[in-house]
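A.B. asks: With the input below, show me the fold.
(one chain, ligands or ions: 1)
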Amino acid sequence: MTEELLVVKNLKKYYPITGGVLGGEVGVVKAVDDVSFAVKRGETLGLVGESGCGKSTTGRSLLRLIEPTAGEITFDGVNVTALSTDEMRKMRRDMQIVFQDPFASLNPRHNIEKILEEPLVVHKIGTSSERKKRVQEMLEVVGLSSYHARRYPHQFSGGQRQRIGIARALMLNPKLIVADEPVSALDVSIQSQVLNLMQDLQKEMGLTYLFIAHDLSVVRHISDRVGVMYLGRIVELTTSGQLYSNPLHPYTKALLSAVPTPDPDDVRERVILQGDVPSPANPPSGCTFHTRCPHVTEECRSTRPAFQDVGDGHFVACHLYKQ
Ligand code: SF4
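C.D. replies: As a prediction, this is how the structure comes out:
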């Protein structure tokens, strides 16, 4: 058994832009552009970046909820990019997703028992009474009660609904959970309860997480390592501790400078980025961050920096990372 549960190599997801008189392809949106990373068993890898940076598309491509344009995804030693639709459906027993908006992902006409039972029915697991027992167990595991099984999604608060979303993802005993902004829609006080629950479940069930969020403080709370995405690419990837104490990429530094800190002695300089995120349909040449980077040089405009390991598994894509 390899140490790495998930290995992603050169993942790309391009969307064609059609137009013109004949409606032909006139360009592509590079939502995910050559992304590579690995997630170790039992680890939490955070993926962070502004909205539209490709983090959610990356997460969904791993489960092939979105078909990747190119690249290789190896999960538990199996190349999932080569699986048929039927084989992929079976593989999803081990790879589950938790969405940002639990209400949108829970069928409002079904009670919680039916919602939680559904993955077992789809995969033909257990008898009816065994499935109901499992539903009761999972409700308790996520901090709800067995009497909640008869209720409907609208009868729950946002935090409770996310607990239901997590219970549903765990029904099949998966190995990997892709958590796509799982606490972004929740109040701050509820966020930490759900994050603590996810951490407890990880320990108890030996889960591996890919945790996607736009909020660096949330990602820091839960991740062992963090990848920072900008315009479809990972620009920095390292341990959570290194990322916060020794960020090397100017974009990471700017994101971190915007995170409030409770330490009054921590007087970090606030880096305000100029301009908007460029369109992924027309990304800048060279380093795609060059249009907003305070340290841009001629080389940055013309040459794409390699995504390289600069020591101890700290990866960065910047010509001037030593500065
Ligand atoms: Fe900034 Fe140049 Fe580094 Fe890109 S390569 S982040 S433009 S210094």
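
A.B. asks: The helix or strand of the chain with the lowest mean pLDDT: how far from the chain's middle?
C.D. replies: Ranking every helix and strand in the chain by mean pLDDT, DSSP states H and E puts helix 102-105 at the bottom, with a mean of 75. Distance of helix 102-105 from the chain centroid (Cα atoms, centre = their mean, to the nearest Å) equals 17 Å.

A.B. asks: Now tell me what touches that helix from outside.
C.D. replies: If you take Cβ atoms under 8 Å, 6 or more residues apart in numbering as the criterion, helix 102-105 is touched by 99, 153, 154, 158, 161, 162, 164, 165, 185. Using the backbone N, CA and C atoms, a C-beta is placed for each residue, glycine as well.

A.B. asks: Out of these, name the ones that lie in helices.
C.D. replies: 158, 161, 162, 164, 165 (DSSP state H).

A.B. asks: tell me, which of these make contact with the ligand?
C.D. replies: By Cβ under 6 Å from any ligand atom, no member of those lies near the ligand.

A.B. asks: Closest to the ligand out of the residues you listed?
C.D. replies: Lowest distance from the ligand to the ones in helices among the contacts of helix 102-105 (Cβ to the nearest ligand atom) belongs to residue 162, with 35.3 Å.

A.B. asks: residues contacting that closest one?
C.D. replies: 98, 102, 182, 183, 186, 194.

A.B. asks: Residue 187 versus that one, what's the distance?
C.D. replies: From residue 162 across to residue 187, the span is 11 Å (Cβ to Cβ, to the nearest Å).

A.B. asks: same question, residue 140
C.D. replies: Residue 140 is 24 Å from residue 187, by Cβ to Cβ.

A.B. asks: Please parse the chain into its domains.
C.D. replies: Structurally, the chain divides into domains by automatic domain parsing as follows: 4-94+172-321, 103-171.

A.B. asks: one step back: now which of the contacts of helix 102-105 would you call buried?
C.D. replies: 99, 153, 158, 161, 162, 164, 165, 185 (16 or more other Cβ atoms under 10 Å).

A.B. asks: so the closest residue to residue 319 other than its chain neighbours, which of the three states?
C.D. replies: Nearest residue to residue 319, sequence neighbours excluded (Cβ to Cβ, 6 or more residues apart in numbering): residue 305, at 4.9 Å. What DSSP: H, G, I helix; E, B strand; the rest coil gives for residue 305 is coil.
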